[in-house]
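Asker: my questions concern the predicted model and sequence given below.
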Amino acid sequence: MSGAAHFPALWSDQEATRLLECAEDKIAAAVARMRPGVAVTFGPTASGGSAVFRRVQAGRETLCATVRPRGAALSTVLRGDHGDLPTVLAGSWHRDGSDLTVREADQLMALAVHGGPRVAAPVAVSAGVMVTPWVAGPSLAARLWEEPAALPDLLGALMGQLSSVHHDPARRVRLLASPIDSRGLPRVVADVVREPAGRLHPSRWAGAEVESLDALTRSVAGELARLVTGLDSSVFARTGVAFGGLAPEHVLYPEDGGRPVLLSPALGPGGDITDVGMLLGHLHLSAVGAAPEARARLVDGTDAWLRRQLAQLGGRWRGWLSAVLTIWAATVYDRLATVLALPAEVVPLPPVLAEVAGDPVPALTVLDMLVRSLRRRDAVTALNAALAALSSQPGLAEPSPARESVAS
């Protein structure tokens, strides 16, 4: 694995603050061009490390503006992959062909026309800034936080909404799926192989914490990279397209009722395998920070829903579960590696990621156990061990009778 000395320098808090200020200026200028003469007020800035989002009130319209510096993921800019601050500010913030914001707008339009999942289609795209309707209503994360026992029903309905994309995507949707590596792996696992070593931002950690946390992060990264290398890519070739950006905060239940609205697609290979694995990875992070009772219900709901899925798969369940758990693990690592490399107190993270960034050891410890168990034993054992560790309840480390019946 490469050492940190081979990486470009992580940006400082001051540089990150200046970049976010420039992003807000880009949004203000783009909205002024889109809605000339209309009274505009701006809400707070938000981010999960991928882009800068801002609520905009333009007359009677409530909008969401999205921008990515240099058309790239915000986290990659802040870790120095696109040069230092003067270089980024001097360059164009929108690029043909490789602009992730333009790609997201194209994907949203294709999904809206496709008519499968309900999405917030773009209102306009100008100079790399995408504007979509603001969707009011609780997210999947909020609903699960209030009622963890509803998890099986909520996930079942969500996957049903995505079934046409997973199994019979329209040609335009398939063509717009994110570029993949030569092995046909989903982005989140391919990235683990390309960049296995995470980095810690110096403004977050000090003293002995850095050494111990860095050692744990690198150990997990190495184990996960070896696990991904052995992944059977043919599993992904037999399915359709994944929505990709399926974090709980990207699933909103609008106040007008009806189906949930999905935000921030990152279309790619793997169909339901990729989306299920990514969603469960995000739920892993949610469970770590939840109160004991809510955590237990989240784990029980995950267990119940997965057993239902495995029962429906028949003889195909082993390959499906191994791939799902690998993507689960890669998603957790990807999120942790991203937030740990971001400047502290600058990038406005969602509550779950902010809490994990403040104390990443519990999430990393469970992840380490999941990856090691999956590499050395089998998928059922790894799943049970992960659920037991997340719930912190005795008795879950052995396969449940229901899961044993599936395995047989």
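Answerer: Yes, it's here. Numbers count the residues shown, from 1 in each chain.
Asker: how is the protein partitioned into domains?
Answerer: Per automatic domain parsing, the structural domains of the chain span 1-134, 137-408.
Asker: deepest in the core, which of these is it.
Answerer: Mean neighbours per residue, mean count of other Cβ atoms under 10 Å, is largest over the domains of the chain for domain 137-408, with a mean of 19. The C-beta positions use only the backbone N, C-alpha and C, and glycine is treated the same way.
Asker: between the domains of the chain, which gets the lowest average pLDDT?
Answerer: Ranked by mean pLDDT, the domains of the chain end with domain 137-408 at the bottom, a mean of 85.
Asker: now find how far off-centre that domain is within its chain.
Answerer: Its chain's C-alpha centre and that of domain 137-408 lie 8 Å apart, by Cα atoms, centre = their mean, to the nearest Å.
Asker: now the strands: where do they sit in the stretch 201-350 of the chain?
Answerer: For the stretch 201-350 of the chain, the strands defined by DSSP state E, counting those that start in this stretch cover 241-242, 251-252, 261-262, 268-269.
Asker: tabulate these (TSV), appending distance to residue 163.
Answerer: Listed next are the strands of the stretch 201-350 of the chain as TSV, based on distance: least, Cβ to Cβ, whole Å:
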stretch	distance to residue 163
strand 241-242	12
strand 251-252	15
strand 261-262	13
strand 268-269	17
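Asker: quick one: which of these is nearest residue 103?
Answerer: strand 268-269 (11.3 Å; Cβ to Cβ).
Asker: got the contact list for residue 100?
Answerer: 51, 68, 71-73 (Cβ atoms under 8 Å, 6 or more residues apart in numbering).
Asker: what helices or strands is the lengthiest helix in the chain leaning on?
Answerer: Scanning the chain for the helix with the most residues, using DSSP state H, yields helix 317-340. Judged by 3 or more Cβ pairs under 8 Å, 6 or more residues apart in numbering; DSSP states H and E, the packing partners of helix 317-340 are helix 187-194, helix 208-229, helix 234-237, helix 271-289, helix 292-313, helix 351-358, helix 361-376, helix 379-391.
Asker: and those: which comes nearest residue 120?
Answerer: helix 271-289 (18.1 Å).
Asker: output that closest one as PDB, nothing but the C-alphas.
Answerer: Taking C-alpha atoms only, helix 271-289 is exported to PDB below (Å, rounded to 0.1, in the frame of the first residue of the first chain):
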ATOM      1  CA  GLY A 271     -28.500  -3.300 -10.100                       C
ATOM      2  CA  ASP A 272     -30.100  -4.200  -6.800                       C
ATOM      3  CA  ILE A 273     -26.900  -5.800  -5.400                       C
ATOM      4  CA  THR A 274     -25.100  -2.400  -5.500                       C
ATOM      5  CA  ASP A 275     -28.000  -0.400  -4.100                       C
ATOM      6  CA  VAL A 276     -28.800  -2.800  -1.300                       C
ATOM      7  CA  GLY A 277     -25.200  -3.000  -0.300                       C
ATOM      8  CA  MET A 278     -24.700   0.700  -0.300                       C
ATOM      9  CA  LEU A 279     -27.900   1.400   1.600                       C
ATOM     10  CA  LEU A 280     -27.000  -1.200   4.200                       C
ATOM     11  CA  GLY A 281     -23.500   0.400   4.500                       C
ATOM     12  CA  HIS A 282     -25.100   3.700   5.300                       C
ATOM     13  CA  LEU A 283     -27.400   2.000   7.800                       C
ATOM     14  CA  HIS A 284     -24.300   0.600   9.400                       C
ATOM     15  CA  LEU A 285     -23.200   4.200  10.100                       C
ATOM     16  CA  SER A 286     -26.600   5.200  11.400                       C
ATOM     17  CA  ALA A 287     -26.800   2.200  13.800                       C
ATOM     18  CA  VAL A 288     -23.400   3.000  15.300                       C
ATOM     19  CA  GLY A 289     -24.600   6.400  16.400                       C
END
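Asker: hang on, the earlier thing: now for the strands of the stretch 201-350 of the chain, which one comes closest to residue 200?
Answerer: Smallest distance to residue 200 across the strands of the stretch 201-350 of the chain (Cβ to Cβ): 28.0 Å, for strand 268-269.
Asker: and the closest one, which strands flank it?
Answerer: strand 241-242 (antiparallel) (DSSP bridges).
Asker: which residues sit against the partner strand?
Answerer: For strand 241-242, the surrounding residues in contact (Cβ under 8 Å, 6+ apart) are 165-166, 169, 173-174, 177, 186, 267-275, 278.
Asker: how about the contacts of residue 100 in JSON lines, adding secondary structure?
Answerer: Output for the contacts of residue 100, formatted as JSON lines (DSSP: H, G, I helix; E, B strand; the rest coil):
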{"residue": "51", "secondary structure": "coil"}
{"residue": "68", "secondary structure": "coil"}
{"residue": "71", "secondary structure": "helix"}
{"residue": "72", "secondary structure": "coil"}
{"residue": "73", "secondary structure": "coil"}
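Asker: let me know the closest of the residues you listed to residue 61.
Answerer: Lowest distance from residue 61 to these (Cβ to Cβ) belongs to residue 51, with 20.4 Å.
Asker: tell me the angle of the helix or strand where residue 153 lies relative to helix 292-313?
Answerer: For residue 153, the enclosing helix or strand under DSSP states H and E is helix 151-161. Inter-element angle recorded for helix 151-161 and helix 292-313: 50 degrees (by axes from the mean of the first three to the mean of the last three Cα atoms, to 10 degrees).
Asker: between helix 271-289 and helix 151-161, find me the angle.
Answerer: Orientation of helix 151-161 against helix 271-289 (the same axes, to 10 degrees) gives an angle of 150 degrees.
Asker: sorry, back to before: of the helices and strands packed on helix 317-340, which is nearest residue 140?
Answerer: Short answer: helix 271-289, nearest of those by Cβ to Cβ, at 8.6 Å.
Asker: give the partner strands of the helix or strand where residue 54 lies in its sheet and their orientations.
Answerer: Residue 54 is part of strand 52-58 when elements are defined by DSSP H and E. Strand 52-58 has these partner strands in its sheet, going by DSSP bridges: strand 40-46 (antiparallel), strand 61-67 (antiparallel).
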